[in-house]
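**Q** Let me see the structure of the following:
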Amino acid sequence: MLYQCERFNLPDAEFRCLMLFGEERYLTAKGIASKMNVVKSRVSKIVEGLLKKKLVQRIKDPEDSRVSLLSLTPEGHKKLNHINMFLQGLHHQILLQIAPDQRKAVLTNLDILKASMEAVKEMMV
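**A** Numbers count the residues shown, from 1 in each chain. A predicted model of the protein is given here:
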């Protein structure tokens, strides 16, 4: 993570927050706090950093003017695309280090691990 943060010139928390937008068009501070498991006041600081870097923008929620929606700016989309391309290349290089006849088993086991972790997380909520 440290290498990735340095490579893309982002603190760890901002990097992780930016990655959340890969799955969402809009996020709220409350949603980010929940996904990152931090308090809302911490999210405010993280978002301020991303706003200063012009990676995210605030938009008033048309359904509730008390709520601010956060979305990626064009620069934020560009940065996220660069990060995702880097990560895909990194994952490809990691898989190349595994013998071809073992790759499928490794990927299958990772899927099983992910599903098991998600199931346990759901039980804990």
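**Q** next helix or strand past the longest strand anywhere in the chain?
**A** What stands out as the longest strand in the chain, according to DSSP state E, is strand 64-72. Using DSSP states H and E, the helix or strand that follows strand 64-72 in sequence is helix 74-96.
**Q** Could you look up the next helix or strand downstream of that following helix?
**A** Next in line after helix 74-96, if elements are assigned by DSSP H and E, sits helix 100-124.
**Q** just checking, what packs against that next one?
**A** helix 74-96 (3 or more Cβ pairs under 8 Å, 6 or more residues apart in numbering; DSSP states H and E). To be clear about C-beta, it is placed using only N, CA and C from the backbone, and glycine gets the same treatment.
**Q** Now name the helix or strand holding the residue positioned nearest the centre of the chain.
**A** For the chain, Met19 is the residue whose C-alpha lies nearest the centre (Cα atoms, centre = their mean; 2.0 Å). Here Met19 sits within helix 12-20, counting by DSSP H and E.
**Q** same question for that helix, mean pLDDT?
**A** For helix 12-20, mean pLDDT rounds to 96.
**Q** just stretch 64-75 next, same as before
**A** Taken as a whole, stretch 64-75 has an average pLDDT of 92.
**Q** and it, which residues are buried?
**A** For stretch 64-75, a neighbour-count test (16 or more other Cβ atoms under 10 Å) marks 69-70, 72 as buried.
**Q** just stretch 23-31 next, same as before
**A** Using 16+ other Cβ under 10 Å as the test for burial, stretch 23-31 gives 27-29.
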